[in-house]
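Novice: model this:
(one chain, ligands or ions: 1)
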Amino acid sequence: MRVKRRDFLGAGAGMALLFAGGARGGAGGYDVIVIGGGTSGIPTALFAAQRGARVLVLAKASALGGTLFWSSGQIAGAGTVFQQRLGIEDSPEAHFADCMRINRNSADPTLTRLTVNHAGETINWLARHGYEVLAGHPVTGIGHDHFKTRRYQQGVDNGLSILNAFLPSFQAQVDAGRIEVRLGTEVVDLIQDRQGAVRGVVSRDPNHVLRDIEGRSIVLATGGCAANPRLFEELHGVPLYAKTAYPTSMGAGLMLGLAAGGQIRGGNKYASLPGLIPADHQYPTSMHAFAPLHPEVRQPWEILVNARGERFVQEDHPSVDHIEHGIVAQPGQRHWAIYDAKMLAQSPPIIPKWDRERLATEYLRSPMFTRADNLTSLGLGAQLDPRVLSATVARYNKDLAEGYVDQFARVHRPLPIVEPPFYAIEMQGWTLVSFAGLTVDGQLRVLDRDQQPIPNLYALGEVIGAGATSGNAYTNGMLVTPAITFGRILGQSILPLGSRVV
Ligand SMILES: Cc1cc2nc3c(=O)[nH]c(=O)nc-3n(C[C@H](O)[C@H](O)[C@H](O)COP(=O)(O)OP(=O)(O)OC[C@H]3O[C@@H](n4cnc5c(N)ncnc54)[C@H](O)[C@@H]3O)c2cc1C
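Specialist: Modelled structure (predicted):
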């Protein structure tokens, strides 16, 4: 049983059949109800069932997999078989130190430790179940600031490599009657007793029939809220600029947890990715193209300016996180790459896979691209103050010509910006994930406003917020890695032998 992206697109009925049958709650309901059948929900259900629990998985989508259908699925762990193959020495301590260095100690240390202590075994479990990585992996990094040690890998089929490793074992538990799956079924409420303990859920099936379902442990694994512009902005204080999250990431679990007495934290850890070229200015917009602006991928030739036409960051800073935080501080997180004809002719294209011809003529197709014969016209066309833009370029050129240290200490300055035509590309800061999430403790129990666990309620995956495990940064793999690792840990500990995570 292997899933491809097209299986999900329009084949929901087939998938529903695939997971028909399975556990029946019977008297007293289920041992575990997992709300969400994605990255974190699948391993939670699987490992709980393997310990003998009767598990119900309720998933709003018409197929199991969640964001794994879209995710790059890049994960990290120390002590893996993939490292051993290449003779790489590593430890959870080194992994922890690298994560906290990259996110400047802004992630939750308890949850980071829980991740790194168990991530190696998670990856080895995947490897034993057919997960294979890209040639040359693990690596130190891909899109974000790099680790010091090679422990970061991507499956040959992105997130689907992880899903395909889980599904046969999951199906075996369905066949054995320990897991029941209801797809296209949304949880709309949690059932609590007078003491606040969660005793079950209210589900709404595809025919809009509401049902009360009893369960001893309820797990929120519903993903984040980066597909819900209103909620995203409310929780982060920043508009949702791009539509890039998986469509079920509507924040339902956040609302369910909040209504049950939980609290939300982490919106202030919002971090932005650079270089999204928007389709239009109707936010959230879709991605027209993407320029990584990552000096490890391509040294910058252009300068970056903000909406006022001023430079604001060292474009070749070795940390892309530094550039990202520079962008977050700019009005509307908008940034423009400014360059001239000679740079276009000599530099590797700023947008990977685009050739120079496309870059030179894209202004005919997209309003985010401007071409002009002089800097005044370029500023007017790109809606930047032409005088400020001209002064910015003049200062950059003068410092370069006279051998002065650059205003932002930039070192890679191959050419001045002098030869017409001149070009501007408008870009936007953006995110694929939400940083705000439910507060949980080291046993993944949802905490109330007095920091006390809400009995029987657990949360994991993006519903606990990227801020919890990735901090105020994009720390390599620190969403998928904890999602699947916490699923394994919680599933193995939740029932029937008690709910302590060790
Ligand atoms: C394009 C992209 C690339 C990414 N790449 C990486 C990467 O390389 N590495 C990394 O660490 N992170 C990456 N991320 C982030 C990471 O993939 C996600 O944070 C993670 O997969 C989320 O897992 P989850 O289990 O929380 O949610 P999901 O996998 O999205 O699962 C959520 C489940 O909940 C269900 N659901 C939602 N609401 C309800 C409801 N009310 N009732 C019942 N069910 C419900 C959905 O149907 C779904 O089954 C990426 C994200 C995107 C969008």
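Novice: quick check: which element contains residue 325?
Specialist: Assigned by DSSP states H and E, residue 325 belongs to helix 320-328.
Novice: roughly how far is that helix from the heart of the chain?
Specialist: 17 Å (CA atoms, centre = their mean, to the nearest Å).
Novice: buried ones in that helix?
Specialist: 320, 321, 323, 324, 325, 326, 327 (16 or more other CB atoms under 10 Å). Backbone N, C-alpha and C define where each C-beta goes, glycine included.
Novice: tell me the buried residues in whichever helix or strand comes after it?
Specialist: Using DSSP H and E, the next helix or strand after helix 320-328 towards the C-terminus is strand 334-340. For strand 334-340, the neighbour count (16+ other CB under 10 Å) marks 334, 335, 336, 337, 338, 339, 340 as buried.
Novice: just checking, the fourth one touches residue 291?
Specialist: Spelled out, it's residue 337. Yes - assessed by CB atoms under 8 Å, residue 337 is found in contact with residue 291 at 6.8 Å.
Novice: mutual contacts of those two, please.
Specialist: Residues touching both residue 337 and residue 291 by CB atoms under 8 Å, 6 or more residues apart in numbering: 350, 425, 427.
Novice: would you list the residues you listed in JSON lines and tack on pLDDT?
Specialist: Below are those laid out as JSON lines (pLDDT from 0 to 100):
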{"residue": "350", "pLDDT": "97"}
{"residue": "425", "pLDDT": "98"}
{"residue": "427", "pLDDT": "98"}
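Novice: among those residues, which are in strands?
Specialist: 425, 427 (DSSP state E).
Novice: so which of the shared contacts of residue 337 and residue 291 reach the ligand?
Specialist: Near the ligand, taking CB under 6 Å from any ligand atom as the test, no member of the shared contacts of residue 337 and residue 291 is found.
Novice: quick check, nearest of the shared contacts of residue 337 and residue 291 to residue 380?
Specialist: Closest to residue 380 out of these is residue 425 (16.0 Å), distances taken as CB to CB.
Novice: and for whichever residue of the stretch 351-500 of the chain sits closest to the ligand, the neighbour number?
Specialist: Residue nearest to the ligand within the stretch 351-500 of the chain (CB to the nearest ligand atom): residue 461, separated by 2.4 Å. Residue 461 sits with 31 neighbouring residues when counted by other CB atoms under 10 Å.
Novice: same deal with residue 355?
Specialist: Residue 355 has 9 nearby residues by other CB under 10 Å.
Novice: who are the contact partners of the residue nearest to it when sequence neighbours are not counted?
Specialist: Nearest non-adjacent residue to residue 355, counting by CB to CB, 6 or more residues apart in numbering: residue 349, 6.4 Å away. Shown in contact with residue 349 (CB under 8 Å, 6+ apart): 355, 356, 358, 359.
Novice: for the helix or strand where the third one lies, packing partners?
Specialist: According to DSSP H and E, residue 358 maps onto helix 356-361. Counting contacts by 3 or more CB pairs under 8 Å, 6 or more residues apart in numbering; DSSP states H and E, helix 356-361 packs against helix 341-346.
Novice: let me have the buried residues of strand 334-340 in TSV, extended by pLDDT and distance to residue 391.
Specialist: Below are those laid out as TSV (pLDDT from 0 to 100; distance: CB to CB, whole Å):
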residue	pLDDT	distance to residue 391
334	97	19
335	98	18
336	98	15
337	98	18
338	98	12
339	98	17
340	98	16
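Novice: near the ligand, which residues of the stretch 251-400 of the chain?
Specialist: residue 252.
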